[in-house]
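>>> Okay, predicted coordinates and the sequence, questions at the end:
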Amino acid sequence: MEQASTVVRDMYDRLIQAWNHRDARAMADLFSRDGESIGFDGSQSIGREEIYAHLAPIFEHHPTAAFVTIVKEIRFPAPEVAILRAIAGMIPPGQSDLNPKVNTHHTVIAAVSEGAWRIQLFQNTPAQFHGRPELVEQMTAELRSALYG
């Protein structure tokens, strides 16, 4: 499982790099043909081409914030299925620090498909911790440690 864990982590890293480089094609190509992406705002795209069609105009017309991430766990409920959990913060364009209001939890379900590991589901869930500001501060501090070393 160690090798598979490395492959899954690398795939997630490539997903984040593609977002940070505003490369919709590179992001979409990491998904299975029928993979699904659920965005921060709840938007849902199903299938590689729909994911691309959703992301391309966003990258073309909107400056997007860059992700800073920490992988918290990778587990394998079956030999060819992985669940990756990560936390993420975003650095708004033109800024150098995280915006705590948009911290998020990332969940990736990956599986061997078409002869390779592919993303079946990527979900980006806001980590707003309503009424618990100390949790927002704790997550932001952890992400800042990854950002600033």
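All right, it came through fine.

>>> which residue sits farthest out from the middle of the protein?
Gly131 (25.0 Å; Cα atoms, centre = their mean).

>>> So that residue: helix, strand or coil?
On the three-state scheme (DSSP: H, G, I helix; E, B strand; the rest coil), Gly131 is labelled coil.

>>> repeat for Arg33
In three-state terms, and counting by three-state DSSP, Arg33 is strand.

>>> Residues contacting the biggest strand by length in the chain, please?
Looking across the chain with DSSP state E, the single longest strand is strand 66-78. The set of residues external to strand 66-78 that reach it, using Cβ atoms under 8 Å, 6 or more residues apart in numbering, is 1, 4-5, 8-9, 12, 16, 19-20, 82-91, 98, 106, 142-143, 146-147. Placement of C-beta: from N, CA and C, glycine included.

>>> 6 Å instead?
With Cβ atoms under 6 Å, 6 or more residues apart in numbering as the contact definition, strand 66-78 has outside contacts at 1, 5, 8, 16, 19-20, 82-91, 143, 146-147.

>>> what mean pLDDT does that strand have?
Mean pLDDT, strand 66-78: 97.

>>> Could you do stretch 81-92 as well?
Regarding stretch 81-92, the rounded mean pLDDT is 97.

>>> Same question for it: list its buried residues.
Judged by neighbour count (16 or more other Cβ atoms under 10 Å), stretch 81-92 contains these buried residues: 81-82, 84, 86-91.

>>> So which of those is the closest to His61?
Sorting the buried residues of stretch 81-92 by how near they are to His61, with Cβ to Cβ, puts Met90 at the top with 17.9 Å.

>>> now what about stretch 22-34, what contacts it?
When contacts are taken as Cβ under 6 Å, 6+ apart, the neighbours of stretch 22-34 outside the stretch itself are 11, 15, 18, 47-48, 51-52, 55-56, 59, 113, 118-120.
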